[in-house]
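Q: structure of the sequence below:
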Amino acid sequence: MSERVADAIDCFLIHLADGRQASAHTLRAYSRELGEFREHLGNDAQITDLEHATFRAFIAAKASRGTGDSELAPASLARLVACLRS
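A: Below you'll find the predicted structure:
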């Protein structure tokens with residue numbers, strides 16, 4: 001039986017808070033980024049459904065969308081990639 005991405009994200013955020021004692025800022029940023037990834041996939045997406053192309057498409061969409069009229073800042077893009085790698 002496969003695990004839902006949404007459940008894995010919830011477990012990872014708990015691990016960041018309790019196990020790694022991540023800062024409040026890190027928790028907020030990762031929670032926001034992973035929440036957007038969860039919305040992008042849909043709540044019922046399974047871990048086994050994920051492929052490299054899934055991540056690349058999400059990152060490309062975020063990078064081109066940015067905020068307002070500008071693209072996503074390089075530091076924000078780097079944080080997004082680091083978050084998804086975790």
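Q: what residue lies at the spatial centre of this structure?
A: Central residue of the chain (Cα atoms, centre = their mean): Leu34, 2.8 Å from the mean position.
Q: mind listing what it touches?
A: By Cβ atoms under 8 Å, 6 or more residues apart in numbering, the residues touching Leu34 are 9, 12-13, 83. Glycine gets a C-beta too; all of them are placed from N, C-alpha and C.
Q: closest to Thr26 out of the residues you listed?
A: Cys83 (9.3 Å; Cβ to Cβ).
Q: verify the stated contact: that closest one with Ser31.
A: No - contact criterion Cβ atoms under 8 Å: Cys83 and Ser31 do not qualify, at 9.5 Å.
Q: Leu77 is in contact with Glu33, correct?
A: No - counting by Cβ under 8 Å, Glu33 does not reach Leu77; the two are 10.7 Å apart.
Q: neighbour count winner among these two?
A: Set side by side, Glu33 and Leu77 show more neighbours around Glu33, with 21 against 15, by other Cβ atoms under 10 Å.
Q: helix/strand/coil for the more buried one?
A: Using DSSP: H, G, I helix; E, B strand; the rest coil, the structure places Glu33 in helix.
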